[in-house]
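Asks: Provided below for reference: sequence and predicted model.
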Amino acid sequence: MDKSDKIFVAGYRGLVGSALVRGLEHGGFHNLPKRDRSQLDLADERAVQNFFAQEKPAIVIFAAAKVGGIKANNDYPVEFLLDNLRIQNNVIYAAHKAGVRKLLFMGSSCIYPKFAPQPIPETALLSGPLEPTNEAYAIAKIAGIKLCQAYAREYGATFISVMPTNLYGPNDNFDLETSHVLAALLRKAHDAKSRNARELVVWGSGTPRREFLHVDDLASACLFLLEKYDSPEIINVGCGEDISIRELAELICDVVGFDGELAWDATKPDGTPRKLLDITKLRALGWQPTIPLREGIAQTYEWFLKNVAR
C-alpha cells in the first residue's frame with residue numbers, strides 16, 4: 001500500500017473500525033474518508049453506490065456489522081441476519097463496481113461449526129452445524145465470505161476475508177444487554193465493586209474456553225494482510241491461546257479490584273464449549289500478536305473508567 005492511497009474503513013467508529021483507523025494513522029496513512037451512520041447509511045444501496053462513485057477509494061476495509069453477545073444474537077435473529085446481509089452486500093457490490101483495488105472483509109470466528117476441531121483450522125468452514133445462539137450472524141458472515149470469493153473467481157477481484165477471534169479493547173460495547181463476554185464481565189466487576197457487592201453473578205458454568213485478542217493486535221494483523229495476502233481463501237487471526245470463562249472472570253476481578261465471590265447462573269447458556277483458532281497460516285506469513293491478555297484488560301479498564309464509567 002502507498003501512504004497516499006485512499007482507504008475507506010466501513011464502520012470506523014466501532015471497536016474494530018476505530019482500531020483500524022488508529023493503526024492506519026499511526027502508519028502514516030491519512031487519506032481516510034470517514035462517514036458515520038448519520039452521513040452514510042450502509043443499508044441504503046443507492047447512498048453507498050453514490051459514495052463509492054464520488055470518493056473512489058483504492059482500498060476498502062469492511063468492519064461494519066450489527067454485533068452483540070449471546071443474548072442479543074438469540075433475541076434478534078431476523079435483525080442480525082437481514083441488517084448484516086444488507087450492509088455487506090451493498091459495500092462489496094459498490095466496491096467492485098467502483099474498481100476498488102483491494103477489499104478486506106471482516107468475518108468472525110462464529111462462522112465455524114459448534115463442534116469444530118480445536119484449534120479450528122480454516123478448512124472447518126461449513127463442515128458441521130453452527131452454534132444455534134449466534135447462527136443468524138454466522139450465516140450472514142458466511143454469505144459475505146462467499147460473495148468475496150465469488151467476485152475473486154468471476155472477476156479476479158482481490159477481495160480477502162479475515163476471521164478474527166473474540167476481540168476486546170477501547171470502544172468496546174459495555175451495555176450488558178448486547179455486549180460480548182469480556183466487556184460484560186468487566187462492566188459487572190466494576191459495578192459490583194462500586195456497590196461493595198459480595199458476589200458477582202456470571203452466566204453459565206464457567207467451563208467454556210475462549211481466545212481473546214486485543215483489537216489493536218487485530219488492526220495490526222489486518223494492515224499486515226493488506227500488504228502480504230491476496231488469496232480469496234479465508235485466514236484466521238488470533239493469539240493462539242485460550243482461557244476458561246472462570247479464569248477470565250477471576251482475572252478481570254483481579255484487574256478491577258473486586259474481591260467478592262463469583263456465582264454461576266447455570267440456567268444461562270454456555271455457547272460453544274471451546275473456540276480457539278488455528279493461526280498457523282498467519283504465523284507462517286510472519287505476524288505475531290504483541291499485547292498480553294492481562295495488560296490488554298488493564299488498558300481496556302482504564303479506557304472504560306475514562307469514557308464509560310464517568
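Replies: The structure has been received and is ready for your questions. Computed from a prediction, not measured in an experiment: that's the story for all the values here.

Asks: what about Ile234, neighbour count?
Replies: 20 (other Cβ atoms under 10 Å). Where you see a C-beta, it was placed from the backbone N, CA and C, and this is true even at glycine.

Asks: quick one: pLDDT of it?
Replies: Listed pLDDT for Ile234 reads 98.

Asks: need phi/psi at the closest residue to Gly11 other than its chain neighbours.
Replies: In space, and not counting its chain neighbours, Gly11 is closest to Ala64: 3.0 Å by Cβ to Cβ, 6 or more residues apart in numbering. Per-residue torsions, Ala64: phi -90, psi 140 (degrees, to the nearest 10).

Asks: got it, and Pro57?
Replies: Torsion angles, degrees, to the nearest 10, at Pro57: phi -70, psi 150.

Asks: who touches it in this structure?
Replies: Contact analysis of Pro57 by Cβ atoms under 8 Å, 6 or more residues apart in numbering lists 6-8, 33, 95, 98, 100.

Asks: please apply the same query to Lys281.
Replies: Contacts of Lys281 (Cβ under 8 Å, 6+ apart): 122, 235-236.

Asks: so who does the residue nearest to Gly11 touch?
Replies: With Cβ under 8 Å, 6+ apart, Ala64 has these contacts: 10-11, 14, 17, 42, 87-88, 91.

Asks: at 6 Å instead, please
Replies: 10-11, 42, 87 (Cβ atoms under 6 Å, 6 or more residues apart in numbering).

Asks: rewinding a little: show the buried residues in the contacts of Lys281.
Replies: Buried by 16 or more other Cβ atoms under 10 Å: 122, 235-236, out of those.

Asks: tabulate these (TSV), appending distance to Arg246.
Replies: Rendered in TSV, the data for the buried ones among the contacts of Lys281 read as follows (distance: Cβ to Cβ, whole Å):
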residue	distance to Arg246
Glu122	29
Ile235	31
Asn236	25
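
Asks: let's have these in JSON lines, adding secondary structure.
Replies: Rendered in JSON lines, the data for these read as follows (DSSP: H, G, I helix; E, B strand; the rest coil):
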{"residue": "Glu122", "secondary structure": "helix"}
{"residue": "Ile235", "secondary structure": "strand"}
{"residue": "Asn236", "secondary structure": "strand"}
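
Asks: tell me the one among those residues nearest to Asp2.
Replies: Taking Cβ to Cβ as the measure, Asp2 lies nearest Ile235 of those, at 23.0 Å.

Asks: grab the nearest non-local neighbour of that closest one.
Replies: Lys281 (5.4 Å).
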